[in-house]
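Asker: Need the 3D shape of this:
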Amino acid sequence: MPNSLSTFLKLHKVSILLAMMGSVFYITFAYYLPRTDFIKLLTLFVALFFLCYKLIQFEKWNFKFLLAIGIFFRLLFTIAEPNLSQDFYRFIWDGHLVANAINPYLHVPQELILAPNNSIPNAQQLLNGMGSLSAKHYSNYPPLNQFIFALSSLIGGNSILGSLVIMRGSIIMADIGILYFGRKLLKNLNRSPQLIFWYFLNPLVIVELTGNLHFEGVMLFFFITAMYLLSMKKWHLAAVIMACSISIKLVPLLFLPLFFTYLGWKKSLLFYAITGLTCLLLFLPFYTPLFIDHYMSTLRLWFSNFEFNASLYNIVKYTAMHFDAKPWEFIKEYGKITPWATITIVLLFTFIQKKRNLNAVLASMMWVLTLYYFMSTTVHPWYIIFLVLLALFTSFRYALVWSAAIVLSYFAYSQLDYKENLWLLAIEYISVFGFLSYEIVAQRNKK
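Answerer: Next up is the predicted model:
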């Protein structure tokens, strides 16, 4: 055995042991975890977060080691079928539609399955897998996301597993891109570049993005690249990349007004124009007179029909029920208020922002997204990943606490009727609110 390898093993034997333990836990998570087994899921998550903390503690200056471990953990999921989400069935369905020049925004799966000329491979299996809720609604995934689905379906052919592997590969590459540009952006903003490993090794990120194939990672790759370009004063190109982020997931739309005070009114108007034009060009291949109506009707469902892992909404709802409010009516009324409250919050952060630097913009984004999630009726675990990344550019770490505590919401997956346990949600949000309050007080005392 070469001396260098022997020395490396001696110096890093504890970290290597931790990485081996993490590999076993991730393999168990990927291939031997029914989502109905909440105790096993919770135990694995707790163990993986502990290992993440120790690995970063022991090796935070060893970039190559942490990079290799992060990639290796992801590759363990290569041929695993997502076990905490069934969204991937709809991804593959939409991908086959786009690959066959069929507009996914114009037809619901329940209609297409009955068509005599239906040529979608594994159509019935995909329809059954996505569930009745997805099957009766139009697609809500933006155009660039649809192109990735189509590419995965084309390369994967008639194989569901083949499509999964291609999608997973794109998400892993996006995470590596986030690591690369995230480190460069942290350096440009005078922050420790090693902070990015709190994203790259975070179990929620690995499980929900690589494991369960949520495309927040691809959205965040474009987003963090755009922020890096802004830090380099390349705002024209940043606008194009920002549009790509929006065209994966719409969440970054919330942040566009925040650039007004950072860029100034002349540059910001051009920035918005370039972003808007790029988005229009990406949506253009799917445009028909019915497109906007179908797409907006699907988006409205998220505000007025669905509820999961909510915080303030649950408090307000159960208070209203004591005054004889009907839950199915209340959520629709609440859903009408939430968009306006969100717009008000964004505008407040836009015009009360005193510092015109990118640090302040990123901090404002974090607060806007935090308040939006606190108000939302639906906060799926993978939504928090955006907050995890934004928090690294600030001195706040409550998002990391939330990324660990949100595992408690998975209890609903163990119930046949997806009934939530409000006591567990209370523990989750008390942890988040408590740590956030502590950090706010600590920051004020420092100042």
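
Asker: Put the alpha carbons of the strand or helix carrying Leu154 into CSV.
Answerer: Assessed by DSSP states H and E, Leu154 sits inside helix 143-156. In CSV, the C-alpha atoms belonging to helix 143-156 read as follows (Å, rounded to 0.1, in the frame of the first residue of the first chain):
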residue,chain,number,x,y,z
PRO,A,143,-41.6,24.6,-20.2
LEU,A,144,-37.9,24.0,-19.5
ASN,A,145,-38.9,21.3,-17.0
GLN,A,146,-40.9,19.7,-19.8
PHE,A,147,-37.9,19.7,-22.1
ILE,A,148,-35.9,17.8,-19.5
PHE,A,149,-38.8,15.3,-19.1
ALA,A,150,-38.9,14.9,-22.9
LEU,A,151,-35.2,14.3,-23.1
SER,A,152,-35.4,11.7,-20.4
SER,A,153,-38.2,9.9,-22.1
LEU,A,154,-36.4,10.0,-25.5
ILE,A,155,-33.2,8.6,-24.1
GLY,A,156,-34.9,6.2,-21.7
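
Asker: Buried residues of that helix, list them for me.
Answerer: Across helix 143-156, burial judged by 16 or more other Cβ atoms under 10 Å covers 143-153, 155-156. C-beta here means a position set from N, CA and C on the backbone, and glycine is covered the same way.

Asker: Check stretch 319-335 too.
Answerer: Those would be 320, 325, 330-331, 334-335, for stretch 319-335 by 16+ other Cβ under 10 Å.

Asker: So what would you say the end-to-end distance of that stretch is?
Answerer: 17 Å (Cα to Cα, to the nearest Å).

Asker: And stretch 284-292, by the same measure?
Answerer: OK, stretch 284-292 end separation, Cα to Cα: 11 Å.

Asker: Can you name the residues in contact with that stretch?
Answerer: 103-106, 143, 146, 283 (Cβ atoms under 8 Å, 6 or more residues apart in numbering).

Asker: got CSV for these, with distance to Trp367 too?
Answerer: CSV is the format used below for the contacts of stretch 284-292 (distance: Cβ to Cβ, whole Å):
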residue, distance to Trp367
Asn103, 38
Pro104, 34
Tyr105, 33
Leu106, 38
Pro143, 29
Gln146, 31
Phe283, 29
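
Asker: Include pLDDT, secondary structure and distance to Leu67 when you put those residues into a markdown table, please.
Answerer: Shown next, in a markdown table, are the contacts of stretch 284-292 (pLDDT from 0 to 100; DSSP: H, G, I helix; E, B strand; the rest coil; distance: Cβ to Cβ, whole Å):
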| residue | pLDDT | secondary structure | distance to Leu67 |
| --- | --- | --- | --- |
| Asn103 | 90 | coil | 40 |
| Pro104 | 90 | coil | 36 |
| Tyr105 | 90 | coil | 39 |
| Leu106 | 88 | coil | 43 |
| Pro143 | 93 | helix | 32 |
| Gln146 | 95 | helix | 31 |
| Phe283 | 91 | helix | 36 |
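
Asker: Look at Glu59 and say how many residues are nearby.
Answerer: By the criterion of other Cβ atoms under 10 Å, Glu59 has 22 neighbours.

Asker: what does Ser247 give?
Answerer: Residues near Ser247, counting by other Cβ under 10 Å: 23.

Asker: Isn't it up against Leu280?
Answerer: No: counting by Cβ atoms under 8 Å, Ser247 stays clear of Leu280, with 10.2 Å between them.

Asker: quick one: contacts of the helix holding Leu154?
Answerer: Taking Cβ under 8 Å, 6+ apart as the rule, helix 143-156 contacts 91-92, 94-96, 98-99, 104, 139, 141, 162-167, 170, 215, 218, 244, 247-249, 282-283, 285-286.

Asker: Give me the buried subset of those residues.
Answerer: Looks like the contacts of helix 143-156 have 91-92, 94-96, 98-99, 104, 139, 141, 163-167, 170, 215, 218, 244, 247-249, 282-283, 286 buried, using 16+ other Cβ under 10 Å.

Asker: Which of those fall in helices?
Answerer: Among these, the members falling in helices (DSSP state H) are 91-92, 94-96, 98-99, 163-167, 170, 218, 244, 282-283.

Asker: Ends of stretch 248-256, what's the gap?
Answerer: 16 Å.

Asker: Now it: buried residues?
Answerer: Quick answer for stretch 248-256 (16+ other Cβ under 10 Å): 248-249, 251-252, 254-256.

Asker: which one of those residues sits closest to Leu416?
Answerer: Checking the buried residues of stretch 248-256 against Leu416 with Cβ to Cβ, the nearest one is Lys249 at 29.7 Å.

Asker: okay, now the residue nearest to the closest one when sequence neighbours are not counted: neighbour count?
Answerer: Of all residues not flanking Lys249 in the chain, Met219 sits nearest, at 4.2 Å (Cβ to Cβ, 6 or more residues apart in numbering). As a burial measure, Met219 scores 25 neighbours (other Cβ under 10 Å).
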